[in-house]
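A.B. asks: Got a predicted model here, sequence first, then my questions.
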Amino acid sequence: MAFNSVKRARDLVAARNVLVSTYDKSGLADFVRGIAAFCPGIRFYSTGGTFDALAETLGRGAHLVKVSDYTGQGEMKGGLVKTLDWKIYLGLLAESGDAAHAADLERTGSVAFDMVIANLYPFAEAAADPRSAPEELRQRIDIGGPSMLRAAAKNYLRVASVSGPAQYGALLDELRETKGSTRLETRRRLAAEAFGLISGFDAAVSATLGGLDAAVVAKAYGLES
């Protein structure tokens, strides 16, 4: 397989389509209000409880789109599958200036996402609590959040991967200064932080699952000896 190679990239990328799906919603309302103020015509694509939070903050309208309406696929029971869809990852990984990628976007009616705002389930907190049952730990293994952030971070030439509330203030300052765009250096730094968050999350899951007592797991799921 030949890897796709990008020869040129833009410094400033305007934020036009933002994918939002967060567990920790602290500071999110002020952040999205700020983005909307600095980026006229922007659209937010969101899921589940995050969509409801954005609707309260921004109101409903063409600027706010349910991911299930965009993809044409409803959410799986329990929210297990919400954003794992071709149109989502095409929009995250399509590279600027690539005619074939542009054709794929047009053919599928997909949009190119310029920013992802996501964070991860609080697995480490549950793992640190000795009262947490194996099933509670399993349920807190995040799939969609790491996948979205990983795809956005890989394509940092075009996409900003925003992985935590601590990043919101500086990013709003940049959007204000640039009149609604992110800089390449900022996207690179955010990508590095996203990969660091994901690797730490995965390491915690690996260590925790590896340390579970087999008898405790068997008892939790009613297995007979």
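C.D. replies: Cool, got the structure.

A.B. asks: wait, what's in contact with residue 54?
C.D. replies: When contacts are counted by Cβ atoms under 8 Å, 6 or more residues apart in numbering, residue 54 touches 20, 28, 32, 44, 46, 64. The way it works is simple: take the backbone N, C-alpha and C, and place the C-beta from them, glycine included.

A.B. asks: Surely residue 141 forms part of a strand?
C.D. replies: No. Judged by DSSP: H, G, I helix; E, B strand; the rest coil, residue 141 forms no part of a strand; its state is coil.

A.B. asks: Check the closest residue in space to it that isn't next to it in sequence and give its pLDDT.
C.D. replies: Nearest non-adjacent residue to residue 141, counting by Cβ to Cβ, 6 or more residues apart in numbering: residue 205, 5.7 Å away. The pLDDT attached to residue 205 in the predicted structure is 98.

A.B. asks: my read: residue 205 touches residue 123, true?
C.D. replies: Yes. If you go by Cβ atoms under 8 Å, residue 205 and residue 123 touch, sitting 6.1 Å apart.

A.B. asks: And these two? Which one has more around it.
C.D. replies: Shown here are residue 205 and residue 123; by other Cβ atoms under 10 Å, residue 123 has more neighbours (22 against 18).

A.B. asks: Not counting sequence-adjacent ones, nearest residue to that one?
C.D. replies: Closest residue in space to residue 123, ignoring its immediate chain neighbours: residue 140 at 4.4 Å, by Cβ to Cβ, 6+ apart.

A.B. asks: By residue count, which helix of this protein is the longest?
C.D. replies: helix 184-211 (DSSP state H).

A.B. asks: follow-up on the earlier one: who touches the residue nearest to residue 123 in this structure?
C.D. replies: So residue 140 contacts 121-123, 126 (Cβ under 8 Å, 6+ apart).

A.B. asks: Tell me the spacing between residue 188 and residue 154.
C.D. replies: For residue 188, the distance to residue 154 equals 12 Å [Cβ to Cβ, to the nearest Å].

A.B. asks: What are the boundaries of the helices in the protein?
C.D. replies: 28-38, 48-58, 67-71, 86-93, 99-108, 123-128, 134-139, 144-154, 168-178, 184-211, 214-220.

A.B. asks: can you give me how far stretch 55-64 is from the chain middle?
C.D. replies: When distances are taken as Cα atoms, centre = their mean, to the nearest Å, stretch 55-64 is centred 19 Å away from the chain's centroid.

A.B. asks: same deal with stretch 40-59?
C.D. replies: The chain centre lies 14 Å from the centre of stretch 40-59; the measure is Cα atoms, centre = their mean.

A.B. asks: For stretch 137-153, give the mean pLDDT please.
C.D. replies: 96.

A.B. asks: likewise stretch 187-194?
C.D. replies: Taken as a whole, stretch 187-194 has an average pLDDT of 98.

A.B. asks: Also stretch 17-30?
C.D. replies: The model assigns stretch 17-30 a mean pLDDT of 96.

A.B. asks: re earlier: can you lay out the helices of the chain as a markdown table showing distance to residue 9?
C.D. replies: Output for those, formatted as a markdown table (distance: least, Cβ to Cβ, whole Å):
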| stretch | distance to residue 9 |
| --- | --- |
| helix 28-38 | 22 |
| helix 48-58 | 29 |
| helix 67-71 | 26 |
| helix 86-93 | 14 |
| helix 99-108 | 14 |
| helix 123-128 | 34 |
| helix 134-139 | 39 |
| helix 144-154 | 13 |
| helix 168-178 | 16 |
| helix 184-211 | 6 |
| helix 214-220 | 47 |
